[in-house]
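**Student:** got a predicted structure plus its sequence, pasted below:
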Amino acid sequence: MNIHVRDLKPEEMKYALGTLMYCPGDNAKIADKLIANKLPDLNVLVLCLEDAILLQNLDHATDVLEETLIKLQKAVKENKNLKLPLLFIRIRNPNHLETSLKRFAKYRGILNGFVMPKYDHTVSEQYKKIINSMPYNKFKFMPIMESPVLIEAPNRKKELIKIRDDLLTTRGIMGVLLGGNDLCNYFGIRRSSRQTVYDIGVIRDIISDVVCVLGKHFIINGAIWEYFDGDNWAEGLRAEAELDKLNGLFGKSCIHPKQLGVIREAVKVSAIDFEDAEDIMNWNREAGVVKGANSGRMNEVATHQAWAEKVYTIGRLYGVSGNVNNSASNDLTHLEEI
């Protein structure tokens, strides 16, 4: 990694979502792992106080989570070179966000924000009111698209447009997460390690609509991959991550450290993409379209600028895979008529 996630510029911070891991809020060992740098591929850690914690254990889990933050805050103060991943807390509902903001505001030197589960129109206004009225703007927020409201296809686009409009007027939205397991659960479906979420038609359609409405405005992170052992778990993760990328998502959520390295490799950009992106960003020729140096494709500055900026930032953060094919033509003159 050429640049640490905490050193990203504010406009680049959304690309931290390449590798995101959920961890139960009552995991008392996670602080030691972070301090010992045992999770080097992790960019975003979400400490969960929702589905991973039974309601009767919420108070205890919250106390353990606070002890984790205290320990990490002390470690950062003692070691200025310690770089933590971005830290988020997954709360349960708007009221829980309000109480959590009050309790955890003092840790905003290391705590980066909150994750809002089952986000839809029934809670969006309340979330917006709470967030926009905060006396400080340090925290970032990420809603999860997993509400049962998204199940009904005829109303889904209208619901997503309402969500989009509320998110665009809510302060500090960093990105959008997908709750693949929750969405599958509504249908009583669970994919195997040899299947991807895109093999499930109803879930594929929901993802497509989410990307269609929200993808222009927000980075959307891929759904959790729940397999981390046994046959085909890594191959299945690679296959789904590749389809995530192809369908407009970025990065992936996971639940086990073994998955992080696979996801980071999947997020890397190819050497050819990075070279073309760099060329487009440094455009200094009169022609508006040229052949890529080694890609054998067209590069057009007017239509590929946004792509180039995205690829260049991802390459800086996650690295570049493969080598440029130097046997290809390096002719960068104006495209000849076919």
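**Tutor:** Now that the structure is in, tell me what you want to look at.

**Student:** pretty sure residue 177 is touching residue 218, no?
**Tutor:** No: Residue 177 is not in contact with residue 218 according to CB atoms under 8 Å; the separation is 10.1 Å. For glycine as for every other residue, the C-beta is placed from the backbone atoms N, C-alpha and C.

**Student:** looking at these two now, which is surrounded by more residues?
**Tutor:** With neighbours defined as other CB atoms under 10 Å, residue 177 and residue 218 compare such that residue 177 has more, 29 against 22.

**Student:** what's around the residue lying closest to the more buried one once chain neighbours are set aside, how many residues?
**Tutor:** Spatially, and ignoring its direct neighbours in sequence, residue 177 is nearest to residue 144 (4.5 Å; CB to CB, 6 or more residues apart in numbering). Neighbour count for residue 144, taken as other CB under 10 Å: 21.

**Student:** residue 144 looks like it's in a helix, true?
**Tutor:** No: read with DSSP: H, G, I helix; E, B strand; the rest coil, residue 144 is strand and lies in no helix.

**Student:** what about this protein, any weak spots by pLDDT?
**Tutor:** By pLDDT under 70, the low-scoring segments of the chain are 1-2, 324-338.

**Student:** any chance you could map the strands in this structure?
**Tutor:** Secondary structure of the chain, counting by DSSP state E: strands at 19-24, 44-48, 86-90, 111-116, 140-145, 176-178, 220-225, 252-254, 269-270, 289-291, 298-300, 320-321.

**Student:** switch those strands over to TSV; also include distance to residue 213.
**Tutor:** TSV is the format used below for those (distance: least, CB to CB, whole Å):
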stretch	distance to residue 213
strand 19-24	21
strand 44-48	23
strand 86-90	23
strand 111-116	17
strand 140-145	10
strand 176-178	10
strand 220-225	10
strand 252-254	20
strand 269-270	26
strand 289-291	31
strand 298-300	27
strand 320-321	31
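
**Student:** so which of those strands gets nearest residue 193?
**Tutor:** strand 220-225 (8.8 Å; CB to CB).

**Student:** who are the packing partners of the closest one?
**Tutor:** When contacts are defined as 3 or more CB pairs under 8 Å, 6 or more residues apart in numbering; DSSP states H and E, strand 220-225 packs onto strand 176-178, helix 180-186, helix 201-214, helix 233-246, strand 252-254.

**Student:** format those as JSON lines; extra columns: distance to residue 87.
**Tutor:** Output for the helices and strands packed on strand 220-225, formatted as JSON lines (distance: least, CB to CB, whole Å):
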{"stretch": "strand 176-178", "distance to residue 87": "15"}
{"stretch": "helix 180-186", "distance to residue 87": "22"}
{"stretch": "helix 201-214", "distance to residue 87": "24"}
{"stretch": "helix 233-246", "distance to residue 87": "23"}
{"stretch": "strand 252-254", "distance to residue 87": "15"}
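
**Student:** remind me, longest helix of this structure?
**Tutor:** Looking across the chain with DSSP state H, the single longest helix is helix 58-78.

**Student:** and the closest residue to residue 112 other than its chain neighbours, what does it touch?
**Tutor:** Of all residues not flanking residue 112 in the chain, residue 86 sits nearest, at 4.4 Å (CB to CB, 6+ apart). By CB atoms under 8 Å, 6 or more residues apart in numbering, the contact set of residue 86 is 5, 6, 13, 16, 43, 44, 45, 112, 113.

**Student:** what's the separation between the last one and residue 141?
**Tutor:** With the distance defined as CB to CB, to the nearest Å, residue 113 ends up 5 Å from residue 141.

**Student:** once you drop chain neighbours, what's closest to residue 300?
**Tutor:** The nearest residue in space to residue 300 (CB to CB, 6+ apart) is residue 289, at 4.3 Å.

**Student:** thought residue 297 was touching the one you found, still the case?
**Tutor:** No: counting by CB under 8 Å, residue 289 stays clear of residue 297, with 10.8 Å between them.

**Student:** which of the two has more neighbours?
**Tutor:** Each of residue 289 and residue 297 has its neighbours counted (other CB under 10 Å); residue 289 has more, 14 against 10.

**Student:** so what sits opposite the residue nearest to residue 112 in the bridge?
**Tutor:** residue 44 (DSSP bridges).

**Student:** from residue 94, how far off is it?
**Tutor:** Taken as CB to CB, the span from residue 86 to residue 94 is 22 Å.

**Student:** quick one on the thing from earlier: quick check: neighbours shared by residue 113 and residue 141?
**Tutor:** Common neighbours of residue 113 and residue 141 (CB under 8 Å, 6+ apart) are 172, 174.

**Student:** quick check: closest non-adjacent residue to residue 52.
**Tutor:** residue 24 (4.1 Å).

**Student:** the one you found against residue 62, yeah?
**Tutor:** No: between residue 24 and residue 62 no contact is recorded; they are 11.7 Å apart, counting by CB under 8 Å.

**Student:** roughly how far apart are the closest residue to residue 13 other than its chain neighbours and residue 102?
**Tutor:** Using CB to CB, 6+ apart and skipping residues adjacent in sequence, the residue nearest residue 13 is residue 174, 6.3 Å away. Note on residue 174: its distance to residue 102, by CB to CB, is 21 Å.
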